[in-house]
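fold the stuff below for me.
(chains A and B)
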Amino acid sequence: MYDKTVRRRRAVLGLLVACSLILLTAYFGESAGSPLHSVQRGFLEVVSPIQDGASRALKPVRDLFGWFGDTMDAKDERDELREQLEEARAEAIANAAAAREVQELQKLLGLDRALGLDEMSPVSARVITRSPTLWYSQVTINKGSSDGLAVDQPAINGDGLVGTVTSVSGSSAIVTLITDHTSGVSAKVAETGVEGIVQPAVGKPDDLLLEFIRRGDRIEKGQKVITAGSRSSRYESLFPPGIPVGQVTKVDDTELDVYQRVHVRPFAQLRRLDVVQVLTAPHGGAT
Amino acid sequence: MSGSVSAALVVRVAALALAATLLEIVAVSQISVFGVSADLTPLMVMSIGLLIGSVGGAVTGFSVGLFLDLALVQTLGVNSLIFTLVGYGAGRLRELRDPQGAIVPVAAGAAATAIATIGYSLVQFLLGVDAPVSLLLFREIVTTVVINTVIALPVFAVARRWLQPVMPDDPRRRRRRAYTTGGLSPLSRA
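Residues are numbered from 1 along each chain as shown, chains lettered A, B, ... in the order given. Modelled structure (predicted):
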């Protein structure tokens, strides 16, 4: 009886581990249109209404905990904002032309981009789930192909660039955030026009890296990074130009490296996404 | 799972695992504490394994992991592999040691979370994700483990309360019965 129990226990464990490994191997070697991926999309199609309903029902709970979290963070944020305010005041006093420059910068950053957005056929969507792991920076939204969404369309929110649509079902879609390790965004520094590729520092959700910036190019803390919108054969940009990406927080410039390592803090609070807009015609209809 | 498995137990375990997984992906994962989110899933798999044994724990872990991989459009098999091991390990702890202390779910919860997060990272590295082993990543893993350790006891309590009515041989009740009915106490045998 004991031997039978032990054998059964080991058999179940072996079977489950084998199933997991078979799934992992098969899935990893497959293309995006393969059977396992189709099953996954079908499953997403089925569960996304349930997730949507549960997400709506639990929003008050999230908000409540979010309020506690916000309160805990309030002191640090206040100090940080005070420092920023002092810096902003000093800048404003030091340079009278800064106001005009800021206006131009605002236009460049697309803060007044309502007209531009209309041309890009934005579709607003609610975030219904997000990946709980540190590795997969993805969210599920409650709009899908029936709303005009397709793979590779950019997603933004009120603060700036969020990511791209990487998987679509009828009523939901997966948005891979710019902090995901697979992400790469052609971008430039708004003030200088220096171009590079924004890539994530994996495991650091508040830190992006503007790569391939030559050591001679002068980048300073506080400068804004926006999408370049460039179209080259190797790095074809999926994003329209001028979407705010983030702000330069630090520049690592070691003599041994050919390129500078520019750290960028994303404008969009990617851990607190609630509503995003997907630009279904990011190049004004000429997708 | 020791003894016969009742349909009621299977239904309750499935409902509990489904509810915990949904709660995790639609709510808990979006609540940030010290820059990270709590992860209910390894705690729930650990709790179920600790309550119903290794076979039930492993099956629950596999199912929860597969659900997560499917619902979050992640690489299939990664979470199911890790949670199978977490559930099986918790079940074996119960079967071999039959631990009774209140600290057990806390320690097991910390271990389950550590195995889940570190195991996930290792599998990602093995699959070729190009990522630096940053200090921040390590800090986030540690913070997640600490937060999960704090909530492990209430999660275990909820799981036990939900499953207790249909469990054939709850360890606590069994031990209490043994000592109060006489003849089975170690003292009386000595």
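
looking at stretch A:72-91 now, give me its mean pLDDT.
Averaging pLDDT along stretch A:72-91 yields 79.

nearest residue to the most centrally placed residue in chain B other than its sequence neighbours?
A centroid search over chain B (CA atoms, centre = their mean) returns residue B:46, at 1.5 Å, as the residue closest to the centre. The spatially closest residue to residue B:46, leaving aside those adjacent along the chain, is residue B:112, at 3.8 Å (CB to CB, 6 or more residues apart in numbering or on different chains). Glycine gets a C-beta too; all of them are placed from N, C-alpha and C.

for chain A, just list every one of the strands.
A:122-130, A:138-141, A:154-156, A:161-168, A:173-177, A:185-189, A:195-200, A:208-214, A:224-227, A:244-252, A:259-266, A:275-279 (DSSP state E).

show me the shaky parts of chain B.
B:1-5, B:129-133, B:169-190 (pLDDT under 70).

and the lengthiest helix in it, what does it pack against?
Longest helix in chain B by number of residues, with DSSP state H as the criterion: helix B:135-163. If you count contacts as 3 or more CB pairs under 8 Å, 6 or more residues apart in numbering or on different chains; DSSP states H and E, helix B:135-163 packs onto helix B:7-26, helix B:40-52, helix B:103-126.

count of neighbours near residue B:94?
Using other CB atoms under 10 Å in any protein chain shown, residue B:94 is surrounded by 20 other residues.

for residue A:250, that is, sorry about that
Neighbours of residue A:250 under the rule other CB under 10 Å: 13.

show me what the closest residue in space to it that isn't next to it in sequence is bridged to.
Spatially, and ignoring its direct neighbours in sequence, residue A:250 is nearest to residue A:263 (4.1 Å; CB to CB, 6+ apart). For residue A:263, the beta-bridge partners under DSSP bridges are residue A:209, residue A:250.

right, and residue A:263 touches residue A:251 too?
Yes - between residue A:263 and residue A:251 there is a contact at 7.3 Å, judged by CB atoms under 8 Å.

winner for burial among the helices and strands packed on helix B:135-163?
helix B:40-52 (a mean of 30; mean count of other CB atoms under 10 Å in any protein chain shown).

show me what that one packs onto, helices and strands only.
Using 3+ CB pairs under 8 Å, 6+ apart, helix B:40-52 is in contact with helix B:7-26, helix B:54-71, helix B:78-97, helix B:103-126, helix B:135-163.

tilt between that helix and helix B:78-97?
Per axes from the mean of the first three to the mean of the last three CA atoms, to 10 degrees, the angle that helix B:40-52 makes with helix B:78-97 is 30 degrees.

distance check, residue B:52 against residue B:68.
The gap separating residue B:52 from residue B:68 is 20 Å, by CB to CB, to the nearest Å.

sorry, slip of the keys, the one I care about is residue A:123.
In terms of CB to CB, residue A:123 sits 27 Å off from residue B:68.

of those two, which one has the most company?
Shown here are residue A:123 and residue B:68; by other CB under 10 Å, residue B:68 has more neighbours (22 against 19).

neighbours around the residue lying closest to that one once chain neighbours are set aside, how many?
Sequence neighbours aside, residue B:79 is the residue nearest to residue B:68 in space, at 4.6 Å (criterion: CB to CB, 6+ apart). For residue B:79, the neighbour count with other CB under 10 Å is 30.

my guess is residue B:79 contacts residue B:71, does it?
No - counting by CB under 8 Å, residue B:79 sits too far from residue B:71 to count as a contact (10.2 Å).

count of neighbours near the closest residue to residue A:122 other than its chain neighbours?
In this structure, residue A:122 finds its nearest non-sequential neighbour in residue A:277, 4.2 Å apart by CB to CB, 6+ apart. By other CB under 10 Å, 20 other residues sit near residue A:277.

for residue A:277, name its beta-bridge partners.
residue A:124, residue A:156.

pLDDT score for it?
For residue A:277, pLDDT reads 87.

poorly predicted segments of the stretch 101-250 of chain A, please.
Using pLDDT under 70, the flagged stretches of the stretch 101-250 of chain A are A:101-118, A:132-136, A:202-203, A:205, A:230-236.

what about 90?
A:101-139, A:152, A:156-162, A:167, A:169-171, A:177-222, A:226-244, A:250 (pLDDT under 90).

quick revisit: just the pLDDT for the residue nearest to residue A:250.
For residue A:263, the predicted pLDDT is 90.
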